[in-house]
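**Student:** A predicted structure for the sequence below; I have some questions about it.
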Amino acid sequence: MTSKPNSTRIFILLMIIACCTLAIAGCGGGSESTPPELPPLDTEKLAAALPSGVTLQTPVRPDKAYGESAKTVEDALKSLLATVKDKAIYDTFGHKIRFQSPGKPAGKSKQAEAVIYLAN
């Protein structure tokens, strides 16, 4: 009478081990997954919405928020997946993007915003 419950326990234990092994090894069949293709930036709209004195080629100070490898405003906007709405630029989370010039004090805002730091 005890052999049936023991065999059920063994079967359940083997199933748990199999599931854990598949979870650790991955179930993708060994194929490499490629990251999803990002939509292209609408550079015309972005350029039109930039503040005066700032262009897509304006150098930026690298920052963790938009990537340590960003060299220009365009690079930073790509990293933030920027879009234009009502003549303002927003990041992918809907936060307004502000451009901070060197030597100017940081403005205080009550809303969450992203900041791109312009280089000297």
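**Tutor:** Noted; the coordinates are in hand. Residues are numbered from 1 along each chain as shown.

**Student:** In the helix or strand hosting residue 99, which residues are buried?
**Tutor:** Here residue 99, judged by DSSP states H and E, is contained in strand 96-100. By 16 or more other Cβ atoms under 10 Å, the buried positions in strand 96-100 come out as 97-100. (Each C-beta comes from the backbone N, C-alpha and C, glycine too.)

**Student:** before we move on, what about stretch 84-94?
**Tutor:** 84, 89-91.

**Student:** Looking at those, which are in strands?
**Tutor:** The strands, defined by DSSP state E, take in 84, 89-90 from the buried residues of stretch 84-94.

**Student:** low pLDDT regions in this structure?
**Tutor:** Residues of the chain meeting the criterion pLDDT under 70: 1-5, 22-38, 104-111.

**Student:** could you show me where the helices are in it, in order?
**Tutor:** In the chain, the helices defined using DSSP state H lie at 3-25, 43-49, 73-79.

**Student:** can you list those in JSON lines and add mean neighbour count?
**Tutor:** As requested, those are exported to JSON lines (neighbours: other Cβ atoms under 10 Å):
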{"stretch": "helix 3-25", "mean neighbour count": "9"}
{"stretch": "helix 43-49", "mean neighbour count": "14"}
{"stretch": "helix 73-79", "mean neighbour count": "22"}
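
**Student:** out of these, which comes closest to residue 66?
**Tutor:** helix 73-79 (4.1 Å; Cβ to Cβ).

**Student:** what does the closest one rub up against?
**Tutor:** 38, 41, 43, 46, 50, 54-58, 60, 63, 66-67, 69-70, 89, 97, 99, 116, 118 (Cβ atoms under 8 Å, 6 or more residues apart in numbering).

**Student:** Show me how to select, in PyMOL, the buried members of those.
**Tutor:** Filtering the contacts of helix 73-79 down to the buried ones (16+ other Cβ under 10 Å) takes a single PyMOL command:
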select buried, resi 41+46+50+54+56+58+60+63+66+70+89+97+99+116+118
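
**Student:** Residue 81 contacts residue 92, doesn't it?
**Tutor:** Yes. The criterion here is Cβ atoms under 8 Å, and residue 81 meets it with residue 92 at 3.8 Å.
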